[in-house]
Structure formats: C-alpha cells, structure tokens
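**Q** task: produce atomic coordinates for the following.
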Amino acid sequence: MEHIEAIAFDLYGTLYDVHSVVARCDEQFPGRGREISTIWRQKQLEYTWLRSLMNRYVTFEQATEDALRFTCRHLRLDLDGEGCRSLCDAYLRLQPFPEVPDALRELHRRGLKLAVLSNGSPHSIGAVVGNSGLRSEFDHLLSVDPVRVYKPDDRAYMLAEEAFGVTRASILFVSSNAWDATGARYFGFPTCWINRSGSVFEEMGQTPDWQLGGLDELLSLFDGRAAASKQH
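**A** Below is the predicted model:
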C-alpha cells in the first residue's frame, strides 16, 4: 500500500446499502419490499449498461425511475405518480453500511485523499452523501455525467485519475460490485472488492488485488504504512 495516494469508492452497494429502500417499498406495497428492491436494483444496473452500449445516456435518476416503473409493471403493482416520486426519493436517502462512517473518518484522518466515483448524477450523489452527514470525509464527489457514459466504461474511471491528479496505479478503487471492480482493474486501478455476502467474483478475466468483508477491514491494509510513518 506504500504507493497508494488516494482511494476512489463506488457509492451504491459499496458505501451505501441500496436495499435500505425496502422499508419504504413495504410501506407502499406491504410485504413486497424486498422483492421490489431486488428487481429494481437489477433493472437499474441493466439500464445503465444497455444505455451505454446504445449511446443513449440519461441521468441516473431517470434510469432509476424507469427501472422502478418496469419493476412495478412486472409485479403488477399499481404505481401512481406520487408513489413513484416517494420511492425514487428513497434512493436519495440510502443508509451507509454500519462500518462505513468510522472507516471513512479514519482513512481521512490518516491523510488519504478520498473520492466517490459513481454512476449517480451530481444531485443524487450529493444528496446521498449529504443526508448521511459524510460529505466532509471526501475530497471529490465524482459523477459520470460529464462523460455521459456509465461505468464500467474507461471514460468513467478516468474521472478519478483526472480529479486526483495522480497516476491510476496510485489510486485504489473500492467497490462491492464485482463487475465494477473488474472494469476498474482493466482500466489499471489497483482494486479492492468488498464482499459482504460471501459471493464469488465474476469470470471476466480479472481478479481484485484484495478481497475484504467490509470497509473496516480496509484500514488494516494501511496499518503498515501508518506505523512506518510514525517511526519517521
């Protein structure tokens, strides 16, 4: 870890639990919250990938709303305009995973430059991070909006390299999404896969440099460097 100068984090599913919308979904459609959230998230991802392939970019908010509307039609649930707005608003108020706030604060305290690199729009990223009280821990909140293409396209990962002003080999990319960690590894980032669920990694020609069970375990990777710094 001696060569790492900065860390870029994926947002959705890595720092924040996308399934924290289940409660809101259950309020609107009792007993269907988990089912809605699971399909909604999968379609949301599919729509970002497909739109990138078709060169038909829309904002993350639009892709999220489209995915929700599909999900409700698929499950034959009656979603009106107010209900749609309410559920989409829940995506702006996602909860961080329990270990995330303390881990980010400690990494920041150790002098590492931190950024979010997300498929979200500037508005959605700012809302999620701001609503959780963690904005001050990040040097940059990076959205793919300027390049109008979603991860795992190289142009999306390049945003972190440009923002930090260091080589990609000096930026650790952290994601719980195996497809995202794969794309980042192909781009040239050292990668850390956060595997909270004990899943298997994708078979797409890359493996992460590190696999951890949570963000708190990331601190141990930098312990040796912190000790060396104190000795000097």
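
**Q** for Ala127, list the residues it contacts.
**A** Going by CB atoms under 8 Å, 6 or more residues apart in numbering, Ala127 touches 92-93. Placement of C-beta: from N, CA and C, glycine included.

**Q** ramachandran angles for it?
**A** With angles defined as degrees, to the nearest 10, Ala127 shows backbone torsions of phi -70, psi -50.

**Q** also Lys113?
**A** Here Lys113 shows phi and psi, under degrees, to the nearest 10, equal to phi -80, psi 130.

**Q** which one is it nearest to, not counting chain neighbours?
**A** Across the structure, with CB to CB, 6 or more residues apart in numbering as the measure, the residue nearest Lys113 apart from its sequence neighbours is Ala6 (3.9 Å).

**Q** how about the one you found, what does it touch?
**A** Shown in contact with Ala6 (CB under 8 Å, 6+ apart): 112-115, 139, 160, 164, 166, 170-172.

**Q** at 6 Å what do you get?
**A** When the contact criterion is CB atoms under 6 Å, 6 or more residues apart in numbering, the partners of Ala6 are 113, 164, 171.

**Q** give me the number of residues near the second one?
**A** Spelled out, that is Phe164. Phe164 is flanked by 21 other residues according to other CB atoms under 10 Å.

**Q** what of the last one?
**A** Look at Ile171: counted by other CB under 10 Å, it has 27 neighbours.

**Q** need the nearest residue in space to it, chain neighbours excluded.
**A** Closest to Ile171 by CB to CB, 6+ apart is Ala6, at 5.0 Å.

**Q** can you check the pLDDT for that neighbour?
**A** Looking at Ala6, its pLDDT is 97.

**Q** next, work out how far apart it and Leu15 are.
**A** Shown here: Ala6 relative to Leu15, a distance of 16 Å by CB to CB, to the nearest Å.

**Q** before we move on, back to that, how much space is there between the residue nearest to Lys113 and Thr71?
**A** 36 Å.

**Q** and the one helix or strand Gly83 maps to, how far out from the chain's middle?
**A** In this structure, Gly83 is located in helix 81-90 according to DSSP states H and E. A distance of 21 Å separates the C-alpha centroid of helix 81-90 from that of its chain, computed with CA atoms, centre = their mean, to the nearest Å.

**Q** number the chain from 491, please
**A** All set: I'll call the first residue 491, so the last point we hit is now helix 571-580.

**Q** next secondary structure element downstream of it?
**A** Downstream of helix 571-580, the first helix or strand assigned by DSSP H and E is strand 585-586.

**Q** that following strand pairs with which strands?
**A** In the sheet containing strand 585-586, the strands it pairs with under DSSP bridges are strand 506-507 (antiparallel).

**Q** which residues touch the residue nearest to Pro698 when sequence neighbours are not counted?
**A** Leaving aside its chain neighbours, Pro698 sits nearest to Trp683 (3.8 Å; criterion: CB to CB, 6+ apart). Residues counted as contacts of Trp683 (CB under 6 Å, 6+ apart) are 671, 698, 701.
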